[in-house]
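J.: Sequence unavailable; structure follows:
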């Protein structure tokens with residue numbers, strides 16, 4: 001997650017404490033490599049396929065870090081700076097955020113379903129973005 005984080009991210013103390021220790025009070029800037037950002041966002045999204053993966057990502061503070069990446073992306077666009085994410089990366093990031101921000105009971109997914117991959121990407125991401 002470190003390459004997606006930035007020293008200027010607005011994480012509060014509670015959010016900071018949920019992060020792995022090496023990422024608390026992170027003092028570097030986001031990785032400028034588009035491929036690295038793309039692969040990391042896709043990987044985090046894939047980890048959301050199982051309930052265990054979603055719970056682990058939530059407990060490790062991934063949502064606040066991704067929220068800050070999304071804010072930074074919007075700010076870069078409004079300032080007409082270099083775009084941090086491509087349209088596809090933004091779509092995947094928004095789907096990831098949509099999944100992480102909601103509790104399992106709010107996702108309308110059968111609790112016995114081993115992986116939401118069985119539903120298909122579009123079903124889950126579109127539903128997640130709508131909420």
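T.: That came through fine. Everything quoted here is computed from the prediction, not taken from an experiment.
J.: So residue 12 versus residue 72, what's the distance?
T.: Using CB to CB, to the nearest Å, one gets 16 Å for the distance from residue 12 to residue 72. The way it works is simple: take the backbone N, C-alpha and C, and place the C-beta from them, glycine included.
J.: out of the two, which sits in the busier spot?
T.: Between residue 12 and residue 72, counted using other CB atoms under 10 Å, the more crowded position is residue 72 (20 against 8).
J.: Model confidence score at the residue nearest to the more buried one when sequence neighbours are not counted, please.
T.: Excluding its sequence neighbours, the residue lying closest to residue 72 (CB to CB, 6 or more residues apart in numbering) is residue 84, at 6.0 Å. Residue 84 carries a pLDDT value of 79.
J.: isn't residue 84 right up against residue 69?
T.: Yes - with contact taken as CB atoms under 8 Å, residue 84 and residue 69 are classed as touching, separated by 7.3 Å.
J.: what do those two both touch?
T.: Common contacts of residue 84 and residue 69, defined by CB atoms under 8 Å, 6 or more residues apart in numbering, comprise residue 30.
J.: Which one's more surrounded, the two?
T.: Residue environment comparison for residue 84 versus residue 69 gives the larger neighbour count to residue 69, 26 against 22, counting by other CB under 10 Å.
J.: Quick check: that one vs residue 88, distance?
T.: Applying CB to CB, the value for residue 69 to residue 88 is 15 Å.
J.: Return the residues in contact with residue 89.
T.: Residues near residue 89 by CB under 8 Å, 6+ apart: 34, 37, 38, 41.
J.: Would you quantify the distance from it to residue 14?
T.: With CB to CB as the criterion, residue 89 and residue 14 are 28 Å apart.
J.: Equivalent analysis for residue 46, please.
T.: 27 Å.
J.: Just want to know which of those two has more residues nearby.
T.: With neighbours defined as other CB under 10 Å, residue 46 and residue 14 compare such that residue 46 has more, 14 against 9.
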